[in-house]
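Enquirer: What follows is a protein structure lacking sequence information:
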């Protein structure tokens, strides 16, 4: 990352209002050329609207959007050097897979032979070289997804926009495509802007993530920063599972009533009265709920004096029966003070 | 959680006897074929006896012939009546009707497409409801009244010529009416008038299927086309038109076949030269030549078969 480099996409105080609804409400960020940038948020958070503003399907109410240092004001989608993979793939049903992929070249009047050659290259890249003659309706969901990807990449855009492209696939295929997409991004070396509501997907693939909530950015950072150091209660709650401690309960544990979050996997379970290591936060309570998850177990501990903490523990030396038997037991919880993440606000996320 | 060793049965409430309605539903649920038969019996009877029956009666009639001396229909198989179709007068009627149906269809498609496009892509809420109403409203009033009101509009002293007179454009109307074949002394007695009224009367049948077809094209597909670099004109030709084409064909089947069979519009508005429908009407009426009327009615059916075959060749039915 070179400081002076022109950002691939740059938002400066961008607004997009639909009547009274502020879908995008004063958003500013820079996306570095060549990075895998995810826009993460719940539905209605304005993430897809942002993507549509970059693609040119929609115009901002106010603010400035630059693509590679050039203004986008009044530039129609067909003159922008970005391409989109749509959520529903939007493949043309009346064309073959080959014609779909070659579409971007066909409308630019590239010679027929070159169209075929490059479309075939793209189909080889997504491992569908022998499917060129089929219609989209004859493909599986995963194959359609790859065709959409090949079609969007054939114009060699500098920025590729992906709108929840894996949303319609089943879990196994989605996990496989996550890895393939990331590998593809490294291979072609262009900027990917990836919209998703799936925090795990964002953590797996992204170089950086912007977490959106009601039209605003809550936090931008690397997956590690977002997960380990959530800036707001919303981020702490939306990305992974978090324990949120506020007011009186926070004061009882840390001595200060500043709200903070702590991740369930950071907390250790022990016998009551067991001494905790230096620099630990501690609390005692009773296990109210246990869920055996296979590799780990999730405990809900009701704290003495009010409040609950979720604890996730690897099943290192506990059997399923032992986990089940721990229901109702009294425990002492301890975790390293450094895992406490103070929050800018006290509003819990979803 | 413990599972009781013995499950105590004998609930205090005795099982209720199923009501007759319940028993009928269950019986039908178990025999889906019977249900299907019951559902289809009446429409099949209607289609089979009333519809196909009258159609075959028509076909049979067309193979009889009218004895010129006795004026009686001879009920024996012959192709003489079909031979009569190839007289110059009848060929003229067939050509005239087909050309009119084709022209009306193309015009209705050109007029209807933008309206349908606006309805499907731009209008929403109240505007859309109003547009639907505007398109459908004429269908709620009498066809005859509407055709006669057009006669008043197009007549020599009618509203239209008065309007052109106000604009000092009477010379233009006169020039148009001076055109051979399609012209005449006034619009209401010319082919142009017939054509205008045909387009007016059948336009809703073109707009509605096209509108439905455009509505079925997802917005993302149009965006995807623009995203890949297609200018709006290219998107229209390469994506929208091919996907909407089945709707246009559906609309054209209506306008084409309705024009082929109509005998009222050309009788009220137009020259004295006949269309197929009028010829059928004339032959089965005063002339009493039922076989020739039947043979003439077979002509539109054959033209439609040719038309649908061409549409199928153009792959109009397999876009989806």
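Expert: Yes, it's here. These numbers were taken from a predicted model, which means no experiment stands behind them. Numbers count the residues shown, from 1 in each chain, chains lettered A, B, ... in the order given.

Enquirer: Let me see the contact set for residue A:163.
Expert: Contacts for residue A:163 (CB atoms under 8 Å, 6 or more residues apart in numbering or on different chains) come out as A:48, A:51, A:84, A:85, A:86, A:87, A:195. Every C-beta, even on glycine, is put in place using the N, C-alpha and C of the backbone.

Enquirer: Quick check, residue B:221 in contact with residue A:94.
Expert: No: if you go by CB atoms under 8 Å, residue B:221 and residue A:94 don't touch, sitting 10.2 Å apart.

Enquirer: list residues touching both of those two?
Expert: Shared contacts of residue B:221 and residue A:94 (CB under 8 Å, 6+ apart): residue B:243.

Enquirer: circling back: neighbour-wise, which of the contacts of residue A:163 leads?
Expert: Ranked by the number of neighbours (other CB atoms under 10 Å in any protein chain shown), the contacts of residue A:163 place residue A:84 first, at 31 neighbours.

Enquirer: List the beta-bridge partners for it.
Expert: Beta-bridge partners recorded for residue A:84 (DSSP bridges): residue A:161.

Enquirer: Same check on residue A:191?
Expert: residue A:159.

Enquirer: quick one, what contacts it?
Expert: A:8, A:9, A:31, A:32, A:33, A:34, A:35, A:36, A:37, A:158, A:159, A:160.

Enquirer: Residue B:147 versus the spatially most central residue of chain B, what's the distance?
Expert: By CA atoms, centre = their mean, chain B has its centre lying nearest to residue B:254, at 1.8 Å. Distance of residue B:254 to residue B:147, given as CB to CB, to the nearest Å: 18 Å.

Enquirer: just residue A:87 next, same as before
Expert: 50 Å.

Enquirer: With residue A:232 instead?
Expert: Separation of residue A:232 from residue B:147 (CB to CB) stands at 71 Å.

Enquirer: what do you get for residue B:54?
Expert: 26 Å.

Enquirer: quick one, which of those two is more surrounded?
Expert: For residue B:54 and residue B:147, the more surrounded residue by other CB under 10 Å is residue B:147, and the numbers stand at 19 against 10.

Enquirer: How about the contacts made by residue B:253?
Expert: So residue B:253 contacts B:304, B:307, B:308, B:311 (CB under 8 Å, 6+ apart).

Enquirer: Could you list the contact residues of chain B toward chain A?
Expert: By CB under 8 Å from any CB of the partner chain, the part of chain B that sits against chain A consists of B:218, B:220-221, B:223-231, B:234, B:238-239, B:242-243, B:319-320.

Enquirer: Can you tell me which of these are buried?
Expert: Buried subset of the residues of chain B next to chain A (neighbour count, 16 or more other CB atoms under 10 Å in any protein chain shown): B:220-221, B:223-230, B:234, B:238-239, B:242-243.

Enquirer: Helix, strand, or coil at residue 183?
Expert: If you meant another chain, say so; for now it's chain A. Following DSSP: H, G, I helix; E, B strand; the rest coil, we place residue A:183 in the helix state.

Enquirer: By mean pLDDT, which helix or strand of the chain comes out lowest?
Expert: This is for chain A. When each helix and strand of chain A is scored by mean pLDDT, DSSP states H and E, helix A:247-254 comes last, with a mean of 83.

Enquirer: actually chain B
Expert: Per-SSE averages on chain B (mean pLDDT, DSSP H and E): minimum strand B:73-74, a mean of 83.

Enquirer: Quick check: neighbours of it in the sheet, parallel or antiparallel?
Expert: Counting by DSSP bridges, strand B:73-74 is paired with strand B:65-66 (antiparallel).

Enquirer: Quick one: mean pLDDT for the partner strand?
Expert: For strand B:65-66, the mean per-residue pLDDT is 86.

Enquirer: List of residues touching that strand?
Expert: Counting by CB under 8 Å, 6+ apart, B:72, B:73, B:74, B:78, B:80, B:81, B:288, B:289, B:290, B:291, B:292 sit against strand B:65-66.

Enquirer: Just the buried ones from those residues, in ChimeraX syntax?
Expert: Here is the ChimeraX command that selects the buried residues among these (16+ other CB under 10 Å):
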select /B:73,81,289,290,291,292
